[in-house]
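Participant: coords below, sequence missing:
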């Protein structure tokens, strides 16, 4: 909004020219989102306490960690509203609101936030861990994925090409099958982050490293000269996505202020589904789907641990892990929650650096 309103006034005063630069608006988007979280976080947490929006613990699923989970029961949830509102306001202020990619990302984030909100609301209303039916939740995710997939393949600047990492000019045209690939990326990422959200600060901390990496990639992808030098996919207008990613980063940092151990608030499905889906949408638009697989490695392992655990039990009646997702396995091994979280943050940081390093591995 600032770009659209103030940049045209550059002829009246040269200072307004600063709103032209994506780097400036990216930095300010992160600062704004962080500040909004810090300012309004306490009020939102207090409101959630008043309306008794407390976390419910499913007792039959916490054997061996009952004492740990019982301490968390009653902690305000649905804190993802703080992230969503901060990102929305910050992005609308600092990004170009006439950019189709920004509109799609904001719309997708709100869409999944609504799906997550319905799930959280029903859990609170029923006073149980059962929210909306899994099929309805999946339908909401698939519906969004189909919209994004159709948008991408109908966009002449993007198309249905899949860019293979580590190989120079390796592109595979998937045609309509690309929509199914987009569906896998968005639904998978959204659910993976949801599964990772089981320890104080874990999911949102990993998200920070993912969104920082995507912010850099967005800027590079939207810059003709840099993308040409690095031989990566160039998408005009994609630089604006760095503003959106920076807003996600700032909001995630602001939320972590209250979500770090011991957590004062949980993001709930409202936050986890929307955050996971948002980073997936950005990666699809940038044609960096495989990069998300690397940078979001912690999320991938968390999701795989659940898949393997369920599959193993159904086929062999034996469990691979003491408990899944895998962060609970480490808890059962005796590691403290904070140690697990920080170590997984470290791994996320290393994976983010590895992801950036792939720019020159071709």
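Facilitator: Structure received. Please read all numbers here as calculations on a predicted model, not as lab measurements. Numbering: from 1, shown residues only.

Participant: quick one: the closest residue to residue 249 other than its chain neighbours from residue 127, how far?
Facilitator: Leaving out its chain neighbours, the residue that sits closest to residue 249 by Cβ to Cβ, 6 or more residues apart in numbering is residue 211, at 4.4 Å. Placement of C-beta: from N, CA and C, glycine included. Per Cβ to Cβ, to the nearest Å, residue 211 is found 34 Å from residue 127.

Participant: what about these two, which has more around it?
Facilitator: residue 211 (29 against 10; other Cβ atoms under 10 Å).

Participant: just checking, that one is part of a strand?
Facilitator: No: Residue 211 is assigned helix when assessed by DSSP: H, G, I helix; E, B strand; the rest coil, not a strand.

Participant: Need the pLDDT of it.
Facilitator: pLDDT for residue 211: 98.

Participant: can you pull the contacts of it?
Facilitator: 245, 246, 248, 249, 252, 279 (Cβ atoms under 8 Å, 6 or more residues apart in numbering).

Participant: what do you get if the cut-off is 6 Å, keeping everything else the same?
Facilitator: Contact analysis of residue 211 by Cβ atoms under 6 Å, 6 or more residues apart in numbering lists 245, 248, 249.

Participant: Please apply the same query to residue 218.
Facilitator: 238, 241, 242, 245 are the contacts of residue 218 under Cβ under 6 Å, 6+ apart.

Participant: Just give the closest residue to the last one, not the sequence neighbours.
Facilitator: Which is residue 245. Nearest one to residue 245, counting by Cβ to Cβ, 6+ apart, is residue 215 at 3.7 Å.

Participant: What about that neighbour, how many residues nearby?
Facilitator: 23.

Participant: re earlier: so can I have TSV of the contacts of residue 218 showing secondary structure and neighbour count?
Facilitator: As requested, the contacts of residue 218 are arranged in TSV below (DSSP: H, G, I helix; E, B strand; the rest coil; neighbours: other Cβ atoms under 10 Å):
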residue	secondary structure	neighbour count
238	helix	25
241	helix	30
242	helix	29
245	helix	30
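
Participant: Between those residues, which sits nearest residue 83?
Facilitator: residue 245 (13.4 Å; Cβ to Cβ).

Participant: residues touching residue 175, list them.
Facilitator: Counted by Cβ under 6 Å, 6+ apart, residue 175 has contacts residue 160.

Participant: ok, now residue 235?
Facilitator: Contact analysis of residue 235 by Cβ under 6 Å, 6+ apart lists 157, 221.

Participant: and it, which of the three is it?
Facilitator: What three-state DSSP gives for residue 235 is coil.

Participant: next structured bit after the helix-or-strand element of the chain with minimal mean pLDDT?
Facilitator: Each helix and strand of the chain was given a mean pLDDT (mean pLDDT, DSSP states H and E); the minimum falls on helix 66-72 at a mean of 62. Going down the chain from helix 66-72, the next helix or strand is helix 80-94, by DSSP states H and E.
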